[in-house]
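> Give me a 3D structure for the following:
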Amino acid sequence: MSEPSYQTKKIAESQTNNGKRSRDETLAQMPIDIRQEIELCLDVEAPAASNWQHFAEKFNIRKDVIRNWDSRNGKVAAFSASAYMFDHLKAEQPDLTVNDLWEVAMDQKRKDVVRVIDKHYDQMLC
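A predicted model of the protein is given here:
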């Protein structure tokens, strides 16, 4: 029997016994498929619901940077603003965790984002 690959070992290490990942994982470590699920939630413009801009503000991203991502400013083509937000957070705040994102989602009453995180991640262990 061959030994598992390095990549297979890293995936196994990042998951807990019940097959879920740990919320202490950084946003940079978040798999792209999970991140895209969250981006889909945050990119939707809905009245009275927080979106990527509210999350960016909670993570203290400068307002001029946020404005540059806003598709309504007419300077940018259609794109996922939340994808830019995640890329920015990975570069500028590399220690942010999935739990930090979960806490903002709870604060912003974004149950859809909370559900995505809860589906893929275990609760933080104290």
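> Neighbours of Ile32, how many?
Counted by other Cβ atoms under 10 Å, the residues lying close to Ile32 total 10. C-beta here means a position set from N, CA and C on the backbone, and glycine is covered the same way.
> list the contacts for it?
With contact taken as Cβ atoms under 8 Å, 6 or more residues apart in numbering, Ile32 is in contact with no other residue.
> repeat for Ser80
If you count contacts by Cβ under 8 Å, 6+ apart, Ser80 has them with Glu39, Asp43.
> so how far is Met85 from Glu57?
10 Å (Cβ to Cβ, to the nearest Å).
> higher neighbour count, those two?
Between Glu57 and Met85, counting by other Cβ under 10 Å, Met85 is the more crowded of the two (22 against 15).
> in the helix or strand encompassing the more buried one, what counts as buried?
Under DSSP states H and E, the secondary-structure element containing Met85 is helix 81-92. Within helix 81-92, the residues that qualify as buried by neighbour count (16 or more other Cβ atoms under 10 Å) are Ala81, Ser82, Ala83, Tyr84, Met85, Phe86, His88, Leu89, Lys90.
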